[in-house]
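**Student:** no sequence for this one, just the structure:
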């Protein structure tokens, strides 16, 4: 499966080709992204771009988020492309993508190089708790 990481702005303009699925990551208080009806399936998750709770409004990426993401990807293993997006597309979405690479044996080196600011907590939880 091919991975594509996008920002919210880019994904709201994106039109899938073929069988594509999307993991849509938003801030807990933000409205959902407006995504193309061309996606075969969409998983929406909301959590803060943090590595530890700092305020009562924060939502830390948790094992339940990881389990939902892994189950979604497993259900759609036949998809041609997985699009993962968050607000800017540099921290949470690459963290999710890299965690999936680690769990599923997909190559990760190019993603690590392209997205050096990936969220380490998200990747760690996805690898160890789903």
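**Tutor:** Perfect, thanks for sending it. Keep in mind that what you see is a predicted model, and the values were worked out from it rather than measured.

**Student:** which residues in this protein form strands?
**Tutor:** Using DSSP state E, the strands assigned to the chain run over residues 2-7, 20-26, 41-46, 81-86.

**Student:** just confirm residue 73 contacts residue 84, I think it does.
**Tutor:** No: at 9.9 Å, residue 73 and residue 84 do not qualify as touching, with contact defined as Cβ atoms under 8 Å. (C-beta placed from N, C-alpha, C; glycine too.)

**Student:** before we move on, back to that, now the strands of the chain in CSV, with mean neighbour count and mean pLDDT?
**Tutor:** CSV is the format used below for those (neighbours: other Cβ atoms under 10 Å; pLDDT from 0 to 100):
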stretch, mean neighbour count, mean pLDDT
strand 2-7, 18, 97
strand 20-26, 24, 98
strand 41-46, 16, 98
strand 81-86, 24, 98
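
**Student:** mind putting those strands into JSON lines with distance to residue 95?
**Tutor:** Formatted as JSON lines, these follow (distance: least, Cβ to Cβ, whole Å):
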{"stretch": "strand 2-7", "distance to residue 95": "10"}
{"stretch": "strand 20-26", "distance to residue 95": "9"}
{"stretch": "strand 41-46", "distance to residue 95": "12"}
{"stretch": "strand 81-86", "distance to residue 95": "9"}
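
**Student:** I'm done for today, thanks for sticking with me.
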